[in-house]
Each structure stands twice: as structure tokens, then as C-alpha cells.
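Chemist: Need coordinates for the below:
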Amino acid sequence: QTAGRILEKPFNILVLGFDARTVENGVEASRTDTIFFIAWRPQLKKAGIFSVPRDSLVELASFGRQRINMAYVYGGYELTRETVENLLDLPVHRFVGVDFAAFKELVDLVGGVEIEVDKRMLYTDKSAGLHIDLQPGRQRLDGEKALNYVRYRRDPLGDITRVRRQQLFLSALAGELKKGMTPERLFTLIRIARKYLQTDLSAGEILVLYYLFTRLDPGKDLTFATLPGEFYGAYWRLNERELKRMLEPYAMSGPEGELKRKGAAPK
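Modeler: Numbering: from 1, shown residues only. Below is the predicted model:
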């Protein structure tokens, strides 16, 4: 079964953070505000966590060159998965979708996350119901403040700087989860997952991933990286040569590369 194979075979998970926006016809449509690709490689005893900037200019099947975060608007999870697989030349085995409510509850579950806020963050977007007001310095952020921290993007490099903050926050969150995960918290985490998360991970796969996570050192065994590129107008134009070099240690071949997802796609 796939749950057991996670211990021995490469395993890739696509993580999407959703942001609901109103499109032109007045209908709410979800866009992927955050995209992470997690590649577990047992032969390395490490996991690579790759951020895909939402402004990345990619080829969307039947829709031409677009920002990658439009894939979910046009074709839901299936088009998003296909686009990411084509971009990285790696298969997606499982999917996790996270909304803002799940993120806040998870952070509050571990009692907040200690992080160095790099600068004063003050921003209001009434249309999105967003008000950010964070002071600089090291501090413990609760769920609401943590969400504001990872959403802030008023920087010269905009989303690219925000992605780096998200990586720093995820590393800190992993540390909090590792040291503070009791059986009671684990059951609460499962409840949050059932209530809020969209995923095709089975219960067995979640338990195996948790088993692996408890044996990883977040500071040494989790590698964070952003897909390389440069801004081209409002788009992030990817550097294909650097991207291939970055992903080379995580390349898959043979039967491992052909491992397919099982089960229906999440709605």
C-alpha cells in the first residue's frame, strides 16, 4: 500500500493555500494564494519544500500563458496539478488544500509560533477584509497575527519576499509542532484536518507522514527553496536552467516516477 511505500519510495505532495476573490461575473472563485511542492526522498532522508510564486508565468493547457494561480480558477485542482507536474517534471501523488481558518486554528493549537518580524507591517485592504498591523522584533504570533504575517506582501519584490517569510514561518511552525505534539494535540490536529482541509491523503498515509516528521530535524532535514526566476513586468519569469539544477537531486525515474495518485480528485 502507498502508506507503507512512503517510508521507502519518493513521495510528492502538492499544498495549496486558497484565497477567495470575486471575479468579473460576481461569482466567488478560489485562487491559489500559496503553492508549495513537498518532495520526500527517503534515500536522502530529507524533504525539499519548494515554493512556486503565484505570479509565475506558465503555460496553462487550453488557456495559454498565464499566472499559475489562475489554474485553479480555470480548471480546479486537476489543471493545477497538471500545470505543476509539467512545470517541475515531477508527479504529484497527493494533495492538501488549506484555507485561512485551518491555518489560524493550527497555529493556535500549538500555542502560537515565535518568529522574528523583520519590519513594521501596516497594510489595509478593505475589499479583502484585511488589516495588518505588526510591530518589528521577535515575538510569539497567534493564529490571526500569523496569518497576517504570511499574507503581507508590501515589499519591493512583493510576493517573492512574502514567499521567503512563509518558508521561515513554516520552519518555525514545524519546530513548534515537533516539540509540542502530545497525543491530545495530535487528535485535535486530526479534527482540524477533517473539518477544514481538502486532501486525498488516507488516514494511514497521514500517520506515516507524522511518524516520519517526528524523526526529522526541521533545521537540517527540511530544505526550503523558491523556484528561481526574475520579474518580467508583473510576472515571475522562471529560469528553466536553474530550476532543473535545483530539482536534480529530487528527480524520479522508472516505476517511482510513474507512481500515480489514487482516489478521486478533491473538489
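
Chemist: where do the helices sit along this structure?
Modeler: 2-5, 71-88, 100-109, 143-151, 159-180, 183-196, 203-214, 218-221, 240-247, 254-257 (DSSP state H).

Chemist: quick one: low-confidence ranges for the stretch 151-267 of the chain?
Modeler: Applying pLDDT under 70 to the stretch 151-267 of the chain flags residues 180-181, 253-267.

Chemist: picking up where we left off before, mean neighbour count and distance to Arg120 added to the helices of the chain, as TSV?
Modeler: All C-beta spots, glycine's among them, are computed from the backbone N, C-alpha and C. Shown next, in TSV, are the helices of the chain (neighbours: other Cβ atoms under 10 Å; distance: least, Cβ to Cβ, whole Å):
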stretch	mean neighbour count	distance to Arg120
helix 2-5	15	46
helix 71-88	19	32
helix 100-109	18	21
helix 143-151	20	12
helix 159-180	18	14
helix 183-196	13	31
helix 203-214	15	34
helix 218-221	13	28
helix 240-247	14	33
helix 254-257	10	46
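
Chemist: and of these, who's closest to Gln43?
Modeler: For the helices of the chain, proximity to Gln43 was assessed by Cβ to Cβ; helix 254-257 is nearest, at 10.2 Å.

Chemist: Give me the most central residue, the chain.
Modeler: The centroid of the chain falls nearest to Phe36 when counting by Cα atoms, centre = their mean (3.1 Å).

Chemist: and that residue, bridged to which residues?
Modeler: Beta-bridge partners recorded for Phe36 (DSSP bridges): Val15, Ser51.

Chemist: Arg41 too?
Modeler: Here Arg41 sits in beta bridges with Lys46, as judged by DSSP bridges.

Chemist: and the gap between it and Gly48?
Modeler: Distance of Arg41 to Gly48, computed by Cβ to Cβ, to the nearest Å: 7 Å.
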